[in-house]
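Student: Return atomic coordinates for the entry below.
(chains A and B)
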Amino acid sequence: GNSVTQMEGPVTLSEEAFLTINCTYTATGYPSLFWYVQYPGEGLQLLLKATKADDKGSNKGFEATYRKETTSFHLEKGSVQVSDSAVYFCALSYNTDKLIFGTGTRLQVFP
Amino acid sequence: GAGVSQSPRYKVAKRGQDVALRCDPISGHVSLFWYQQALGQGPEFLTYFQNEAQLDKSGLPSDRFFAERPEGSVSTLKIQRTQQEDSAVYLCASSLYRVSNTEAFFGQGTRLTVV
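Tutor: Numbers count the residues shown, from 1 in each chain, chains lettered A, B, ... in the order given. Modelled structure (predicted):
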């Protein structure tokens, strides 16, 4: 079946460090891929998405590229801020409207 | 309101009690989803409505779970005879149409604790 695997956290970084959160997927076809973010005390929010191979999603300095050859959608940011501290979820949808989520990766950024 | 609203935010139920969780989606949104999020896990799909039609209920874990959206707007997730394993955060999301084309907006969830 379709599934998403993402790196376990927590990821702990100093402010202005480079961030990578790995995400790989298993799907029978070509899914749409998403990153959602959950800030403390808030609901899940869409961060970025890509709907076909080689697409790059970007938002708020975060980027992720849909890599069909490696079935990956890694999240990156060049310089993290304390305000980026949150839980990040990789997700896919394929042939339906439901989202299949990974287990989430907690990011902690210290000044 | 501007976003997806869920109530109550917190619910404590005694084992065996019935509960009803409410979701007010964004006005005009066609699609509505329910997800269950256990502690430390990602959300897991429960069920999906397009307007008032329940198109997919494959994620409902047992026949104790029931969801409805009778007028294509507000939705209720009902859990009968609650069990401890039902303890989780229940998330509602709505989107204008398809998730791959339009953004899904999530509510803050209802945290259910069964004691």
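Student: Work out for me the element the residue located most distally from the centre of chain B sits within.
Tutor: Summary for chain B: using C-alpha atoms, centre = their mean, the residue whose C-alpha lies farthest from the chain's mean C-alpha position is residue B:101, with a distance of 21.4 Å. Applying DSSP states H and E as the criterion places residue B:101 outside every helix and strand.
Student: and if you look at the one 4 residues further on?
Tutor: Under the assignment given by DSSP H and E, the secondary-structure element containing residue B:105 is strand B:104-106.
Student: Mind giving me the packing neighbours of that strand?
Tutor: Contacting strand B:104-106 under the criterion 3 or more C-beta pairs under 8 Å, 6 or more residues apart in numbering or on different chains; DSSP states H and E are the following elements: strand B:88-95. Yep, even glycine has a C-beta here, placed from its N, CA and C like the rest.
Student: The strand it packs on near chain A at all?
Tutor: Yes. Part of strand B:88-95 sits close enough to chain A to count as contact by C-beta under 8 Å from any C-beta of the partner chain, namely B:91, B:93, B:95.
Student: Pairing partners for the strand holding residue B:105, with directions?
Tutor: With DSSP bridges as the criterion, the sheet partners recorded for strand B:104-106 are strand B:88-95 (antiparallel).
Student: Figure out the length between the terminal residues of stretch B:22-33.
Tutor: Taking C-alpha to C-alpha, to the nearest Å, the first and last residues of stretch B:22-33 lie 12 Å apart.
Student: Could I get the contacting residues of the residue lying closest to residue B:16 once chain neighbours are set aside?
Tutor: In space, residue B:16 comes closest to residue B:81 once its chain neighbours are excluded; the distance is 5.4 Å by C-beta to C-beta, 6 or more residues apart in numbering or on different chains. Contacts for residue B:81 were tallied using C-beta atoms under 8 Å, 6 or more residues apart in numbering or on different chains; they are B:16-18, B:64.
Student: So which of the residues of strand B:88-95 next to chain A wins on neighbours?
Tutor: Most neighbours among the residues of strand B:88-95 next to chain A, by other C-beta atoms under 10 Å in any protein chain shown: residue B:93, with 26 neighbours.
Student: okay but it is in contact with residue B:35, surely?
Tutor: Yes. Using C-beta atoms under 8 Å, residue B:93 is in contact with residue B:35, at 6.9 Å.
Student: what does stretch A:38-48 rub up against?
Tutor: Applying C-beta under 8 Å, 6+ apart, the set of residues contacting stretch A:38-48 from outside is A:34-37, A:57-60, A:62-64, A:75, A:85-89, A:104, B:3-4, B:43, B:91, B:93, B:103-109.
Student: and with 6 Å instead?
Tutor: Here stretch A:38-48 makes contact (C-beta atoms under 6 Å, 6 or more residues apart in numbering or on different chains) with A:35-37, A:57-59, A:62, A:64, A:86-87, B:103, B:106-108.
Student: again with stretch A:85-98
Tutor: Everything outside stretch A:85-98 that qualifies as a contact, by C-beta under 6 Å, 6+ apart, is A:2, A:4, A:6, A:21, A:23, A:25, A:27, A:29, A:31-39, A:99-102, A:104-109, B:31, B:42, B:45, B:48, B:98-100.
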